[in-house]
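Peer 1: Following is a predicted model, sequence given first.
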Amino acid sequence: MTIDEIKSVSIIQFLETQGCHKSHVFKGNYWYLSPFRSEQSPSFNVNPVKNLWYDYGEGQGGNIINLVQKMKPTWNSHEVLSFLENEIRQHNLDFAADFLARMKEQEEKEIWKQSQRMSRGEDKDAHTVIDLIAELSHPYLRDYILQRRVDYDVAKEFCKEVHYSIYDKHYYAIAFENIEGGMEARNKYSKRSIGKKSISIVRPSGTQCSHCCVFEGLFDMLTYASVKKWGVDIGLCIDEDCDYIVLNSVSNVKLLLPFLADYTCIHCFLDNDDAGIKATQRITNAYSCQTVDESHRYSNYKDVNDVINGIMKSV
(Lines give C-alpha, C1' and ligand atoms only; values in the text may rest on other atoms or scores of the structure.)
Protein backbone atom coordinates (compact mmCIF):
# COMPACT_ATOMS: atom_id res chain seq x y z
CA MET A 1 0.00 0.00 0.00
CA THR A 2 1.11 3.57 -0.58
CA ILE A 3 1.80 5.99 2.29
CA ASP A 4 -1.22 8.09 1.31
CA GLU A 5 -3.47 5.02 1.41
CA ILE A 6 -2.21 3.98 4.84
CA LYS A 7 -2.70 7.53 6.16
CA SER A 8 -6.27 7.46 4.88
CA VAL A 9 -7.36 4.31 6.72
CA SER A 10 -9.99 5.05 9.39
CA ILE A 11 -8.34 5.82 12.74
CA ILE A 12 -11.63 4.99 14.49
CA GLN A 13 -11.67 1.46 13.07
CA PHE A 14 -7.97 1.00 13.82
CA LEU A 15 -8.47 1.98 17.47
CA GLU A 16 -11.26 -0.61 17.77
CA THR A 17 -8.83 -3.34 16.63
CA GLN A 18 -6.42 -2.21 19.34
CA GLY A 19 -9.06 -2.51 22.07
CA CYS A 20 -9.64 1.24 22.33
CA HIS A 21 -13.36 1.98 22.45
CA LYS A 22 -14.92 5.42 22.32
CA SER A 23 -16.22 7.01 25.50
CA HIS A 24 -18.69 9.25 23.69
CA VAL A 25 -19.33 11.22 20.50
CA PHE A 26 -19.76 14.99 20.65
CA LYS A 27 -20.47 17.19 17.62
CA GLY A 28 -19.29 14.41 15.33
CA ASN A 29 -15.95 13.95 17.11
CA TYR A 30 -15.05 10.69 18.88
CA TRP A 31 -13.56 10.87 22.39
CA TYR A 32 -11.41 8.17 24.01
CA LEU A 33 -9.37 7.56 27.10
CA SER A 34 -5.84 8.23 25.93
CA PRO A 35 -4.07 5.10 24.63
CA PHE A 36 -0.78 6.60 25.86
CA ARG A 37 -1.49 6.77 29.60
CA SER A 38 -3.99 5.95 32.36
CA GLU A 39 -6.73 8.54 32.85
CA GLN A 40 -10.30 8.85 34.14
CA SER A 41 -11.65 11.51 31.77
CA PRO A 42 -11.29 11.13 27.99
CA SER A 43 -8.83 13.61 26.49
CA PHE A 44 -8.08 11.85 23.20
CA ASN A 45 -10.11 13.10 20.23
CA VAL A 46 -10.58 11.77 16.67
CA ASN A 47 -12.14 13.85 13.90
CA PRO A 48 -13.60 11.25 11.46
CA VAL A 49 -14.00 13.77 8.62
CA LYS A 50 -10.37 14.90 8.66
CA ASN A 51 -9.27 11.44 9.92
CA LEU A 52 -6.88 13.03 12.43
CA TRP A 53 -6.37 12.53 16.18
CA TYR A 54 -5.40 14.96 18.95
CA ASP A 55 -4.39 14.25 22.53
CA TYR A 56 -5.33 17.28 24.64
CA GLY A 57 -3.44 15.89 27.62
CA GLU A 58 -0.11 16.10 25.79
CA GLY A 59 -0.92 18.68 23.12
CA GLN A 60 0.03 16.30 20.30
CA GLY A 61 -1.83 14.91 17.29
CA GLY A 62 -1.53 13.74 13.71
CA ASN A 63 -2.48 10.93 11.33
CA ILE A 64 -2.62 7.16 11.85
CA ILE A 65 1.11 6.74 11.19
CA ASN A 66 1.92 9.36 13.85
CA LEU A 67 -0.44 7.51 16.18
CA VAL A 68 1.42 4.20 15.89
CA GLN A 69 4.76 6.01 16.18
CA LYS A 70 3.52 7.48 19.46
CA MET A 71 2.17 4.11 20.65
CA LYS A 72 5.38 2.27 19.67
CA PRO A 73 8.18 4.80 20.27
CA THR A 74 10.98 2.20 19.86
CA TRP A 75 9.86 1.19 16.34
CA ASN A 76 11.47 2.56 13.22
CA SER A 77 9.44 3.79 10.24
CA HIS A 78 9.62 0.44 8.43
CA GLU A 79 8.27 -1.42 11.48
CA VAL A 80 5.42 1.11 11.86
CA LEU A 81 4.36 0.88 8.22
CA SER A 82 4.64 -2.94 8.13
CA PHE A 83 2.52 -3.21 11.27
CA LEU A 84 -0.15 -0.90 9.85
CA GLU A 85 -0.28 -2.66 6.49
CA ASN A 86 -0.69 -6.02 8.24
CA GLU A 87 -3.46 -4.68 10.52
CA ILE A 88 -5.28 -3.12 7.57
CA ARG A 89 -5.30 -6.42 5.68
CA GLN A 90 -6.01 -8.64 8.68
CA HIS A 91 -8.96 -6.56 9.92
CA ASN A 92 -10.09 -5.34 6.48
CA LEU A 93 -10.05 -1.72 7.66
CA ASP A 94 -11.88 0.87 5.57
CA PHE A 95 -10.58 4.06 4.09
CA ALA A 96 -11.93 7.23 5.68
CA ALA A 97 -14.93 8.72 3.90
CA ASP A 98 -13.06 11.75 2.59
CA PHE A 99 -10.38 9.57 0.99
CA LEU A 100 -12.97 7.36 -0.71
CA ALA A 101 -14.65 10.48 -2.07
CA ARG A 102 -11.35 11.82 -3.40
CA MET A 103 -10.50 8.45 -4.98
CA LYS A 104 -13.92 8.26 -6.63
CA GLU A 105 -13.60 11.83 -7.93
CA GLN A 106 -10.13 11.16 -9.31
CA GLU A 107 -11.23 7.92 -10.92
CA GLU A 108 -14.23 9.62 -12.52
CA LYS A 109 -11.97 12.36 -13.88
CA GLU A 110 -9.57 9.82 -15.35
CA ILE A 111 -12.40 7.77 -16.86
CA TRP A 112 -13.77 10.95 -18.42
CA LYS A 113 -10.33 11.85 -19.81
CA GLN A 114 -9.98 8.32 -21.20
CA SER A 115 -13.40 8.52 -22.85
CA GLN A 116 -12.49 11.88 -24.39
CA ARG A 117 -9.26 10.49 -25.75
CA MET A 118 -11.08 7.47 -27.19
CA SER A 119 -13.80 9.63 -28.75
CA ARG A 120 -11.17 11.57 -30.68
CA GLY A 121 -10.08 8.46 -32.51
CA GLU A 122 -12.20 5.32 -32.81
CA ASP A 123 -9.39 3.70 -34.77
CA LYS A 124 -7.09 3.50 -31.75
CA ASP A 125 -7.64 -0.24 -31.49
CA ALA A 126 -6.11 -0.58 -34.90
CA HIS A 127 -3.05 1.29 -33.63
CA THR A 128 -2.72 -0.63 -30.35
CA VAL A 129 0.53 -2.60 -30.23
CA ILE A 130 1.15 -5.10 -27.44
CA ASP A 131 4.76 -4.74 -26.36
CA LEU A 132 4.86 -7.30 -23.56
CA ILE A 133 2.70 -9.79 -21.65
CA ALA A 134 4.24 -11.09 -18.43
CA GLU A 135 3.45 -12.09 -14.86
CA LEU A 136 2.06 -9.36 -12.63
CA SER A 137 4.94 -7.52 -10.99
CA HIS A 138 4.60 -3.75 -11.48
CA PRO A 139 4.43 -2.10 -8.03
CA TYR A 140 1.73 0.38 -9.12
CA LEU A 141 -0.51 -2.45 -10.34
CA ARG A 142 0.15 -4.32 -7.10
CA ASP A 143 -0.85 -1.24 -5.11
CA TYR A 144 -4.06 -0.91 -7.15
CA ILE A 145 -4.97 -4.55 -6.54
CA LEU A 146 -4.34 -4.22 -2.79
CA GLN A 147 -6.27 -0.94 -2.76
CA ARG A 148 -9.26 -2.94 -4.04
CA ARG A 149 -8.63 -5.32 -1.08
CA VAL A 150 -7.99 -8.28 -3.40
CA ASP A 151 -5.43 -10.97 -2.56
CA TYR A 152 -2.37 -10.25 -4.71
CA ASP A 153 -1.47 -13.93 -5.14
CA VAL A 154 -5.00 -14.62 -6.38
CA ALA A 155 -4.67 -11.80 -8.91
CA LYS A 156 -1.33 -13.21 -10.07
CA GLU A 157 -2.94 -16.62 -10.54
CA PHE A 158 -5.68 -15.39 -12.87
CA CYS A 159 -4.21 -12.27 -14.48
CA LYS A 160 -1.15 -11.10 -16.39
CA GLU A 161 0.54 -7.75 -16.89
CA VAL A 162 0.35 -6.14 -20.33
CA HIS A 163 2.44 -3.31 -21.72
CA TYR A 164 1.04 -1.74 -24.87
CA SER A 165 1.41 1.31 -27.08
CA ILE A 166 -1.11 3.58 -28.80
CA TYR A 167 0.31 6.07 -31.26
CA ASP A 168 3.75 5.57 -29.67
CA LYS A 169 2.45 6.38 -26.19
CA HIS A 170 3.17 3.58 -23.73
CA TYR A 171 0.80 2.14 -21.10
CA TYR A 172 0.68 -0.80 -18.69
CA ALA A 173 -2.26 -2.58 -17.07
CA ILE A 174 -3.62 -5.72 -15.46
CA ALA A 175 -4.52 -8.12 -18.29
CA PHE A 176 -7.42 -10.55 -18.06
CA GLU A 177 -7.84 -12.75 -21.11
CA ASN A 178 -11.15 -13.76 -22.66
CA ILE A 179 -12.15 -16.80 -24.71
CA GLU A 180 -11.59 -14.96 -28.01
CA GLY A 181 -7.94 -14.18 -27.29
CA GLY A 182 -8.66 -10.55 -26.40
CA MET A 183 -8.20 -9.08 -22.96
CA GLU A 184 -9.53 -6.59 -20.46
CA ALA A 185 -6.82 -4.09 -19.53
CA ARG A 186 -7.26 -2.42 -16.14
CA ASN A 187 -5.24 -0.01 -14.08
CA LYS A 188 -6.15 2.60 -11.47
CA TYR A 189 -7.19 5.16 -14.05
CA SER A 190 -8.51 3.32 -17.08
CA LYS A 191 -10.51 0.36 -18.24
CA ARG A 192 -10.37 -0.77 -21.86
CA SER A 193 -10.45 -3.85 -24.05
CA ILE A 194 -7.62 -4.97 -26.29
CA GLY A 195 -8.65 -7.17 -29.17
CA LYS A 196 -12.08 -8.75 -29.44
CA LYS A 197 -14.34 -8.28 -26.42
CA SER A 198 -15.91 -11.44 -25.00
CA ILE A 199 -16.52 -13.41 -21.84
CA SER A 200 -13.78 -15.03 -19.76
CA ILE A 201 -13.95 -18.53 -18.30
CA VAL A 202 -11.66 -19.61 -15.45
CA ARG A 203 -11.42 -23.17 -14.12
CA PRO A 204 -9.62 -22.96 -10.75
CA SER A 205 -9.66 -26.74 -10.27
CA GLY A 206 -8.11 -27.36 -13.69
CA THR A 207 -11.13 -29.25 -15.00
CA GLN A 208 -14.70 -28.18 -15.61
CA CYS A 209 -16.95 -28.19 -12.55
CA SER A 210 -20.69 -28.89 -12.52
CA HIS A 211 -21.32 -25.52 -10.84
CA CYS A 212 -20.31 -22.10 -12.11
CA CYS A 213 -20.32 -18.58 -10.69
CA VAL A 214 -21.13 -15.73 -13.07
CA PHE A 215 -19.64 -12.30 -12.36
CA GLU A 216 -20.00 -8.99 -14.16
CA GLY A 217 -16.42 -7.79 -13.80
CA LEU A 218 -12.88 -8.94 -13.09
CA PHE A 219 -12.62 -7.54 -9.56
CA ASP A 220 -15.85 -9.21 -8.48
CA MET A 221 -14.39 -12.57 -9.51
CA LEU A 222 -11.04 -11.81 -7.84
CA THR A 223 -12.87 -10.76 -4.67
CA TYR A 224 -14.84 -14.00 -4.56
CA ALA A 225 -11.68 -16.07 -5.13
CA SER A 226 -9.83 -14.09 -2.44
CA VAL A 227 -12.54 -14.61 0.18
CA LYS A 228 -12.65 -18.29 -0.78
CA LYS A 229 -8.87 -18.55 -0.26
CA TRP A 230 -8.95 -16.70 3.06
CA GLY A 231 -11.66 -19.01 4.39
CA VAL A 232 -13.49 -16.04 5.91
CA ASP A 233 -17.16 -16.77 6.59
CA ILE A 234 -18.94 -13.56 5.57
CA GLY A 235 -21.78 -15.36 3.81
CA LEU A 236 -20.47 -14.46 0.36
CA CYS A 237 -19.22 -17.75 -1.04
CA ILE A 238 -20.95 -21.06 -1.68
CA ASP A 239 -19.49 -24.37 -0.52
CA GLU A 240 -19.18 -26.05 -3.91
CA ASP A 241 -16.15 -25.78 -6.18
CA CYS A 242 -17.10 -23.70 -9.21
CA ASP A 243 -15.85 -22.47 -12.54
CA TYR A 244 -15.73 -18.68 -12.74
CA ILE A 245 -17.30 -16.91 -15.70
CA VAL A 246 -16.82 -13.16 -16.12
CA LEU A 247 -19.07 -11.23 -18.51
CA ASN A 248 -16.65 -8.29 -18.81
CA SER A 249 -19.79 -6.38 -19.84
CA VAL A 250 -23.50 -7.07 -19.28
CA SER A 251 -23.88 -6.75 -23.05
CA ASN A 252 -22.13 -10.13 -23.32
CA VAL A 253 -25.00 -12.09 -21.78
CA LYS A 254 -26.07 -13.33 -25.21
CA LEU A 255 -22.56 -14.70 -25.78
CA LEU A 256 -22.63 -16.35 -22.37
CA LEU A 257 -25.87 -18.33 -22.66
CA PRO A 258 -24.62 -21.26 -24.84
CA PHE A 259 -21.74 -21.94 -22.43
CA LEU A 260 -24.11 -22.33 -19.46
CA ALA A 261 -25.74 -25.44 -20.91
CA ASP A 262 -22.89 -27.55 -19.52
CA TYR A 263 -23.61 -26.66 -15.87
CA THR A 264 -26.08 -28.21 -13.45
CA CYS A 265 -26.13 -25.07 -11.30
CA ILE A 266 -25.49 -21.44 -12.29
CA HIS A 267 -24.78 -19.02 -9.43
CA CYS A 268 -25.29 -15.38 -10.50
CA PHE A 269 -23.21 -12.79 -8.62
CA LEU A 270 -24.11 -9.81 -10.80
CA ASP A 271 -24.42 -6.18 -9.74
CA ASN A 272 -27.31 -4.95 -7.64
CA ASP A 273 -28.39 -2.40 -10.23
CA ASP A 274 -30.84 -2.35 -13.13
CA ALA A 275 -28.35 -3.76 -15.64
CA GLY A 276 -27.26 -6.56 -13.31
CA ILE A 277 -30.83 -7.47 -12.40
CA LYS A 278 -31.84 -7.61 -16.07
CA ALA A 279 -28.82 -9.77 -16.93
CA THR A 280 -29.65 -12.19 -14.12
CA GLN A 281 -33.23 -12.36 -15.35
CA ARG A 282 -32.10 -13.20 -18.89
CA ILE A 283 -29.98 -16.07 -17.55
CA THR A 284 -32.88 -17.25 -15.39
CA ASN A 285 -35.27 -17.15 -18.36
CA ALA A 286 -32.90 -19.37 -20.34
CA TYR A 287 -32.02 -21.77 -17.50
CA SER A 288 -34.79 -21.46 -14.94
CA CYS A 289 -34.09 -24.77 -13.18
CA GLN A 290 -30.34 -24.30 -12.87
CA THR A 291 -30.03 -20.59 -12.02
CA VAL A 292 -29.61 -19.25 -8.49
CA ASP A 293 -29.58 -15.49 -7.93
CA GLU A 294 -26.90 -15.00 -5.25
CA SER A 295 -27.19 -11.20 -5.04
CA HIS A 296 -28.97 -11.54 -1.68
CA ARG A 297 -25.55 -12.37 -0.21
CA TYR A 298 -24.50 -8.73 -0.78
CA SER A 299 -27.89 -7.02 -0.89
CA ASN A 300 -26.56 -3.89 0.86
CA TYR A 301 -23.78 -3.46 -1.69
CA LYS A 302 -23.72 -2.68 -5.40
CA ASP A 303 -21.32 -5.50 -6.26
CA VAL A 304 -19.12 -8.20 -4.78
CA ASN A 305 -15.95 -6.10 -4.55
CA ASP A 306 -17.79 -3.40 -2.61
CA VAL A 307 -18.39 -5.94 0.17
CA ILE A 308 -14.74 -6.23 1.21
CA ASN A 309 -14.25 -2.49 0.65
CA GLY A 310 -17.21 -1.68 2.91
CA ILE A 311 -18.84 0.56 0.29
CA MET A 312 -22.57 0.22 0.92
CA LYS A 313 -25.23 1.26 -1.56
CA SER A 314 -26.59 4.76 -1.11
CA VAL A 315 -30.23 4.75 -0.07
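Peer 2: Ah, there it is. Numbers count the residues shown, from 1 in each chain.

Peer 1: for the protein, what are the low-confidence residue spans?
Peer 2: 1, 96-126, 314-315 (pLDDT under 70).

Peer 1: Does anything pack onto the biggest strand by length in it? Which helices or strands?
Peer 2: If you go by DSSP state E, the chain has its longest strand at strand 169-177. The contact analysis (3 or more C-beta pairs under 8 Å, 6 or more residues apart in numbering; DSSP states H and E) places strand 169-177 against helix 139-147, strand 160-166, strand 183-186. In this view, the C-beta of every residue, glycine as well, is placed from N, C-alpha and C.

Peer 1: Starting from the very next helix or strand once past the shortest one, tell me which strands it pairs with and how they run.
Peer 2: Think strand 183-186. Using DSSP states H and E, the helix or strand that follows strand 183-186 towards the C-terminus is strand 191-194. The pairing partners recorded for strand 191-194 under DSSP bridges are strand 183-186 (antiparallel).

Peer 1: got the end-to-end distance for stretch 281-293?
Peer 2: Start-to-end span of stretch 281-293 (C-alpha to C-alpha, to the nearest Å) is 9 Å.

Peer 1: Check which residues of that stretch are buried.
Peer 2: By 16 or more other C-beta atoms under 10 Å, the buried positions in stretch 281-293 come out as 282-284, 286, 290-293.

Peer 1: Stretch 223-240 too?
Peer 2: For stretch 223-240, the neighbour count (16+ other C-beta under 10 Å) marks 223-228, 236-238 as buried.

Peer 1: Could you dump those into CSV and include distance to Ile11?
Peer 2: CSV is the format used below for those (distance: C-beta to C-beta, whole Å):
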residue, distance to Ile11
Thr223, 25
Tyr224, 30
Ala225, 31
Ser226, 25
Val227, 26
Lys228, 31
Leu236, 27
Cys237, 31
Ile238, 36
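
Peer 1: and which of those residues is nearest Gln60?
Peer 2: Nearest to Gln60 among the buried residues of stretch 223-240, counting by C-beta to C-beta, is Ser226 at 37.7 Å.
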